[in-house]
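> Predicted model and sequence below, questions to follow.
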Amino acid sequence: RRTCRLPPGPTGLPLLGNLLQLPAQFLHFKLHTWSKQYGPFYTFWVGSQPYAVISSVEVGADVLDRMSAVTSHRPKMIKPREFFFRGTITFWIDRGLLLRGHRRSMHASLNVQSTARFNHMQTDDAAVLTLGLLQHPEKKFHEHIHRFAGSVVLRSIYGGEAIPIVGPDSSKRIEQLTDEAMHATMPQHSVVDTFPVLKPLIERVKWLRKEADDWFEAMKGEAEQLYNAALPVDAWDAPTIVHDVNTNMEKYGVSKREAVFMAVSLFMAGQETSHTSLRVFALAMLHHPDVVRAAQAQLDTVCGERAPTFRDRDRLPYVEALVKETLRWRPAVPLSLPHTASEDFEYRGRVVRKGTVLLDNLWSQTRDPSVYSDPESFDPTRFLDESGRLRPVTPGSHLDQLGFGHGRRICPGKDFAINSLFIACAHMLWAFDFQWPVDEHGKTLMCGVDDMMDNALVITPKPFEVVLKPRFEGLEERLRESMKR
Ligand code: HEM
């Protein structure tokens, strides 16, 4: 009776459910294939745990936006929740007072108006990125964009100078720890979530908890160190996120300890996602020279031989649309982060039980044919009208930002991330022509549009090289000039 009221889905085995049908990697592809058979809202089971998969824009908006009061918890998984994150890291906290405190502090600094205070810093870092690409060809392309992605997020939270492309990187340790936690807490690496009866034993035996205990202590130490060394403002007098939360703790309802973890959560969530989106951008540019030419034509008209700035943004709708298309074409987190129903709810005549994991399949939604025509093609003009202006987005919908999830858990860093991508992409397109490298036998070394790596939640194009040809004489001087503004 319980199962028949859930939306129908693939048949599984007794006890195991659909476990053996699930691939260890690229789960979003399998779920996308099932959605073609079972529709935009279906259920599968892993043991006794139901998962409801949301595969169309309409169901996403209905279930995760409109019903977000009951669809915004995170899964009850034991290993991440109780052994690793322990109620500290934003993305694994259930909806409630603590999450409200985290999200209030984040929203205050990162809402669309407030995040504009970081535009100078982001422009400066985009110039550092472009200079680095010019001066350090010995470094791989992905090292440059990875540096940029971490540097802007780190500077907005804690202040300080741009992370150098050669030299010490104060974010390295926290990045390693994020990577470790993401891999260790995936369901396939969690024995305790497969056999929950083991939990009391793990709690009692220290060496069984060692990996998680060591991780937590290291992460706490790093987070505190970064927080305590944070500067009040950046080089353009914009208050850092830590400064803002320090001065408004009471208003946001967070303690110092919570603020320390809130701040580090931003870095953990913001770096790899932004880096991946920049990789997707470069991959798309290498496969679509026509798009590069259209963007450069607009940049040349608006900026000429000086580097782009945020003041040019209104006159660069094609570049803006190109960023939106990058986020749609290959969403960095194609299954988003899992939501969970905190109460039973009814939808389209079906009952979804409290505790059901809700998988927000952004991969399927960003190729929903009722919204995006010819979804596999990379086409920035889908976001533009006939006169080349950005199409207005229906209020309340976020069809141009689907890659950032839904409802009360929607990515709090989305406007900051879009700004970072806009200024970095505008700089690279303005400064360089993009080409594939050629090996000593004259063979072009390409990366296919589907050559991806599964990095736990984030799906990234495999590393590839790019040959960047400067488009102007004296590019270096022009960039240095732009950094003085
Ligand atoms: C292109 C870059 C980015 C993408 C594609 C992205 C995507 C996402 C997605 C899909 C989620 C899950 C939303 C949900 O559960 O419905 C999320 C959550 C989150 N993101 Fe982002 N993000 C990006 C950049 C950033 C940046 C730069 C920051 C910080 C400055 C950030 C901070 C967060 C945080 C803290 C959460 C957890 C929110 C919560 O659990 O309530 N993200 N992001």
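Noted; the coordinates are in hand.
> Just say helix, strand or coil for the residue nearest to residue 373 when sequence neighbours are not counted.
Sequence neighbours aside, residue 382 is the residue nearest to residue 373 in space, at 7.2 Å (criterion: CB to CB, 6 or more residues apart in numbering). C-beta: built from backbone N, CA, C; applies to glycine. Classification of residue 382 using DSSP: H, G, I helix; E, B strand; the rest coil returns helix.
> Compute the distance between residue 382 and residue 416, please.
24 Å (CB to CB, to the nearest Å).
> Which one's more surrounded, the two?
In this view residue 382 and residue 416 are compared by other CB atoms under 10 Å, and residue 416 has more residues nearby, 28 against 18.
> thought the more buried one was touching residue 116?
No. Using CB atoms under 8 Å, residue 416 is not in contact with residue 116; the gap is 9.5 Å.
> Verify the contact between residue 371 and residue 398 for me.
No. Judged on CB under 8 Å, residue 371 makes no contact with residue 398 at a distance of 11.6 Å.
> now the helix ranked longest in the chain, how far from the centre of its chain.
As assigned by DSSP state H, the longest helix anywhere in the chain is helix 256-287. Here helix 256-287 is found 5 Å from its chain centre; the criterion is CA atoms, centre = their mean, to the nearest Å.
> what about that helix, average pLDDT?
Helix 256-287 shows a mean pLDDT of 97.
> Give me every residue in this structure lying close to the ligand.
90-91, 103, 110, 153, 265-266, 269-270, 273-274, 277, 332-333, 336-337, 360, 403-406, 409-413, 416-417 (CB under 6 Å from any ligand atom).
> Return the subset of those residues lying in helices.
Those of the residues of the chain next to the ligand lying in helices (DSSP H): 103, 110, 153, 265, 266, 269, 270, 273, 274, 277, 416, 417.
> now, which of those residues sits nearest residue 168?
residue 153 (17.3 Å; CB to CB).
> ok, that closest one to residue 161 distance?
In terms of CB to CB, residue 153 sits 14 Å off from residue 161.
> ok, now which ones touch the residue lying closest to residue 87 once chain neighbours are set aside?
Closest residue in space to residue 87, ignoring its immediate chain neighbours: residue 93 at 6.1 Å, by CB to CB, 6+ apart. Residues in contact with residue 93, defined by CB atoms under 8 Å, 6 or more residues apart in numbering, are 74, 87, 99, 102.
> Serialize those residues to TSV and add fields for pLDDT and neighbour count.
Listed next are these as TSV, based on pLDDT from 0 to 100; neighbours: other CB atoms under 10 Å:
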residue	pLDDT	neighbour count
74	95	21
87	92	13
99	96	20
102	97	27
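> mind checking pLDDT for residue 1?
Residue 1 is assigned a pLDDT of 44 by the prediction.
> Isn't residue 104 up against residue 253?
Yes. Using CB under 8 Å, residue 104 is in contact with residue 253, at 6.8 Å.
> Which residue is the nearest non-sequential neighbour of residue 47?
residue 17 is the one closest to residue 47 (CB to CB, 6+ apart), at 5.7 Å.
> wouldn't the one you found be in contact with residue 45 here?
Yes. Using CB under 8 Å, residue 17 is in contact with residue 45, at 3.0 Å.
> Tell me the residue of the stretch 201-350 of the chain that sits nearest the ligand?
residue 270 (2.9 Å; CB to the nearest ligand atom).
> ok, that residue - contacts?
Counting by CB under 8 Å, 6+ apart, residue 270 has contacts 149, 153, 413, 416, 417.
> And the third one, how close does it get to residue 456?
Looking back up the chat, that one is residue 413. For residue 413 relative to residue 456 (CB to CB), the value is 18 Å.
> who's more crowded, these two?
residue 413 (22 against 17).
> Below-threshold pLDDT in the stretch 251-400 of the chain: ranges please.
Within the stretch 251-400 of the chain, no stretch has pLDDT under 70.
> what do you get if the cut-off is 80, keeping everything else the same?
Applying pLDDT under 80 to the stretch 251-400 of the chain flags the ranges 395-396.
> Residue 467 is in contact with residue 439, correct?
No. Contact criterion CB under 8 Å: residue 439 and residue 467 do not qualify, at 11.9 Å.
> Nothing else from me, thank you.
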